[in-house]
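Chemist: coords please:
(chains A and B)
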There are 2 protein chains.
Amino acid sequence: MGTPSIRTNVAPLMRPTHPAATKLACVMVGLPARGKTYVARKIARYLAWLGHHSRIFNVGNYRRSAVGAVQTHDFFDPTHPENAARRKEVADRALADMLLWFDKAGDAPVTGAVMTKDSPMTPIGSRGRSDSLSLSGAGKAGPGWVAVYDATNSTADRREGIYRKCLEHGVQVMFVESVCDNNDIILANIKEVKISSPDYVGMDPEKAVEDFSRRISHYAKNYETLTPAECNDEIPFVKVINVGDQVIVNKVKGYLQSRIVYFLMNLNITPKSFFFTRHGESMFNVAGKIGGDADLSPRGQDFAKRLPDLLKDNLGEETKLTVWTSTLKRTMQTAAYLSWPQLQWKQLDELDSGVCDQLTYEEIEEKFPSDFTERDQDKFNYRYHGGESYRDLVQRLEPVIMELERHHEADHAILIVGHQAVLRAIYAYFLNYSLDELPYVKIPLHTVVKLTPKAYGCREDRFAVDVPAVDTHRCMPHPALDAKNK
Amino acid sequence: MGTPSIRTNVAPLMRPTHPAATKLACVMVGLPARGKTYVARKIARYLAWLGHHSRIFNVGNYRRSAVGAVQTHDFFDPTHPENAARRKEVADRALADMLLWFDKAGDAPVTGAVMTKDSPMTPIGSRGRSDSLSLSGAGKAGPGWVAVYDATNSTADRREGIYRKCLEHGVQVMFVESVCDNNDIILANIKEVKISSPDYVGMDPEKAVEDFSRRISHYAKNYETLTPAECNDEIPFVKVINVGDQVIVNKVKGYLQSRIVYFLMNLNITPKSFFFTRHGESMFNVAGKIGGDADLSPRGQDFAKRLPDLLKDNLGEETKLTVWTSTLKRTMQTAAYLSWPQLQWKQLDELDSGVCDQLTYEEIEEKFPSDFTERDQDKFNYRYHGGESYRDLVQRLEPVIMELERHHEADHAILIVGHQAVLRAIYAYFLNYSLDELPYVKIPLHTVVKLTPKAYGCREDRFAVDVPAVDTHRCMPHPALDAKNK
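Modeler: Numbering: from 1, shown residues only, chains lettered A, B, ... in the order given. Presented below is the predicted three-dimensional model:
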């Protein structure tokens, strides 16, 4: 028998087939400064984190690289035929690149089948080591291919052209329109992201706002909002009005479309912060063991006692706090001195290391040497026998991310008292780390991380508490680094 | 130390508080035969399965018990003042009962807090044995209280009255309107559920359809559809048009509201069937061990070989099939002779029995006698140390249920090759079993179950395959039965 393997390895008697991958283009619609790019980035990040191939094709970037960044509002005036032609040319180039990207995804036919590969499941045969190593980071779990075509696409005519081209390439289309008639939101958006855009480098902010407002009015002249009639009562669209006050969902079908709509429904732009910390040092940390359900060490207890003051000092705007813990003792003991409301969440439990639970890394290396190496080679996809992979963990944490996105009281913060792998996954979502990098994110013990999402990024503050703790981080081994750098 | 306990038992140093329970009234809106009762039942069943308190207050039932079942359409004529008064009286009685039900839920204030108890998490302190035994089956995990007020509520005036009353009782309101202008769907609905309703006992079906159509036209005279203006731009509503072709979501906030809307978005009325089977008998089944990742026994292999023909013979209308398995060997080996597309789903893995994994029940009883007893007393809530409870399992399976609901190709069936606990949970959802009954549902080995959901129920066919297998079912023990019958 040789060395026992801790990895499930099944050779099916017949080679099972699996459904084709979904190819979906989310075509943004809306006037400038309606948060299209914000929404596009959110969708792309969310899907990439869930393991789908996702890419944004931003026409603004194509325009800047084609005609230069600095263009005043005249460039967007629809009555200038020459400029209109150049803008169309640039938009077409972005579209062509998107279709090329889809074509490269392979010739898997897009079917209307109920179970296309964009489902939350893994097609059988896609998890084996041999093929997983030959694919990109996001390519192992039967993902969908989703492009976000980020442009105004403000006329029915333009949209019909995009739809037809996508259809020719076997790509589903879902229009995503952002409508906003709240001038405060529009102005805040212009000030937050537009005047700092490459389009206005070096320009006086007030002049930039004025120029941008005129740019909007050029588009407004010809703007046509989506209607079921335009969509022939069959093309799916979702219309988000005033940042989610109202959402209109039309003919949405398929798992990915449905998830994107649910995600959009839960988005909001309330300023907010999240705090994360691992539990205090546990007796297992001290012993170098993984998993288990150990008590805190004396130093871990010290950390727990210091936590209330640290939070009070750094809550900032937030006057309320809710504490989420896992169901494991070390997180509950860490939260035991906090007087804020607390909730337990099974999904926040640490990555399940299956048969390796309660072992040290040395014991794992000794008992299961080949698996130990295999994990190093592809840590994100490696699933402990009887346990989980990081990929499994991300799926399990999806509802946590959805709750963090949905959370919308400006004065109400959340503190997650979690575990190393769990916080890596959550942190990677907010900081837009790739799935390859995710299992190596550094989340030290006795450190509180505060994340404050911004329109196009995320501010991070770290508060290290002066209570020593062991270091449980294992670096990416060199062979994996080498593979990554290839 | 005495007998070791396998149950997590943490006494927090401080008694943590937790947020208040959400009380939510889903107030149905729509003309007769628009599927309101269908939607109401679906919502209530889904939420009850997820562990929330849910109840339907159906004004039709109140009317029938107050004025008798058989009333012709005249009773619904708004120009008859006496009948209108009687109808209002009946509707008010149902409303009063609903508010009484909410009042009994306790005086937990309903807050706008981001983390009210309707979240997917468990408030700390609610899992202990002492209080869980004193609560009803659904009362252990910090559930919300959701009533569905099932009536036409077809005027803005009527709705405002309901909203005000709910507000007085600290109950959130979400209006759920079903709009349908597709006469085929309406007629099909009348024929399927209305003419067999108690209102038309003994009446000629054709006459019943005619009478019911006239009843609809009485309501149609005064019918006012929901608008954002009516809802003062702040009351949440969801409008489902033509069974989900279009969905309009307005001002929806909070976890439960958001989940209900997502669920409604995924509902459809396509006729469909699902097949379920456990894996073939495994070597662990033969040895009487639980958990693990064993191979099939020779008899299990026989079952796997018989499966393709059994399915071909019983597919019925369905011409396509997709097979879902878990990630465990015994399900994949069972599906190995099936030539349909297959998908693996980690969520379908068997209930994680933690430290009891790979033990026999006799070994568990010997090693952990008090836990063994405790599990018998409250099997749904009992969580194996380092593993899961049935309650945890239900949360994990929620995306599976959502996929089964969303699935909408009439000629496309799904076969789940699963495990005992997993199939108990799925079966309980479709057959509307209580959470107390769920862990005792009989799902024998070598038996294929076909479920065909109907408007107000679910048809079940069982196909036992003539290959012997061990019986892994453990009956509800007498003390638990006694507690249940109290």
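
Chemist: And the next helix or strand past the worst-scoring helix or strand of chain A on mean pLDDT?
Modeler: Least confident element among the helices and strands of chain A, by mean pLDDT, DSSP states H and E: helix A:129-132 (a mean of 26). Counting by DSSP states H and E, the next helix or strand C-terminal to helix A:129-132 is strand A:145-150.

Chemist: contacts for that next one?
Modeler: Around strand A:145-150, the neighbours that count as contacts under CB atoms under 8 Å, 6 or more residues apart in numbering or on different chains are A:21-28, A:36-37, A:40, A:43-44, A:47, A:52-60, A:94-95, A:98, A:101-102, A:105, A:162, A:171, A:176, A:256, A:260. C-beta here means a position set from N, CA and C on the backbone, and glycine is covered the same way.

Chemist: can you list the residues of the stretch 151-300 of chain A near chain B?
Modeler: A:228, A:233, A:245-253, A:255, A:258, A:261-262, A:265-266, A:292-293 (CB under 8 Å from any CB of the partner chain).

Chemist: Which of those residues fall within helices?
Modeler: Members of these lying in helices (criterion: DSSP state H): A:255, A:258, A:261-262, A:265-266.

Chemist: pLDDT below threshold where in chain A?
Modeler: A:1-20, A:106-142, A:478-486 (pLDDT under 70).

Chemist: which ones are touching the closest residue to residue A:288 other than its chain neighbours?
Modeler: Excluding the flanking residues, the one nearest residue A:288 by CB to CB, 6 or more residues apart in numbering or on different chains is residue A:360, at 4.5 Å. When contacts are counted by CB under 8 Å, 6+ apart, residue A:360 is found next to A:287-290.

Chemist: Equivalent analysis for residue A:474, please.
Modeler: Per CB under 8 Å, 6+ apart, neighbours of residue A:474: residue A:361.

Chemist: and the helix or strand that contains residue A:452, which residues are buried?
Modeler: Using DSSP H and E, residue A:452 maps to strand A:447-454. Buried positions in strand A:447-454, judged by neighbour count with 16 or more other CB atoms under 10 Å in any protein chain shown: A:447-453.

Chemist: Same question for stretch A:147-159.
Modeler: Quick answer for stretch A:147-159 (16+ other CB under 10 Å): A:147-154, A:156, A:158-159.

Chemist: again with stretch A:357-377
Modeler: A:357-359, A:364, A:368, A:371-372, A:374-375.

Chemist: Residue A:339 is in contact with residue A:308, correct?
Modeler: Yes - applying CB atoms under 8 Å as the test, residue A:308 and residue A:339 come out as touching, 7.2 Å apart.

Chemist: Look at these two and report which has more neighbours.
Modeler: residue A:308 (15 against 12; other CB atoms under 10 Å in any protein chain shown).

Chemist: ok, so what distance separates the more buried one from residue A:74?
Modeler: Going from residue A:308 to residue A:74 by CB to CB, to the nearest Å gives 58 Å.

Chemist: can you put the buried residues of stretch A:357-377 in a markdown table and add secondary structure and distance to chain B?
Modeler: Below are the buried residues of stretch A:357-377 laid out as a markdown table (DSSP: H, G, I helix; E, B strand; the rest coil; distance: CB to the nearest CB, whole Å):
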| residue | secondary structure | distance to chain B |
| --- | --- | --- |
| A:357 | coil | 7 |
| A:358 | coil | 9 |
| A:359 | coil | 14 |
| A:364 | helix | 17 |
| A:368 | coil | 15 |
| A:371 | helix | 14 |
| A:372 | helix | 19 |
| A:374 | helix | 17 |
| A:375 | helix | 17 |
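
Chemist: Show me where the stretch 301-450 of chain A has its helices.
Modeler: A:329-334, A:361-367, A:369-377, A:390-406, A:420-431 (DSSP state H, counting those that start in this stretch).

Chemist: out of these, which comes closest to residue B:317?
Modeler: Nearest to residue B:317 among those is helix A:390-406; the distance by CB to CB comes to 32.5 Å.
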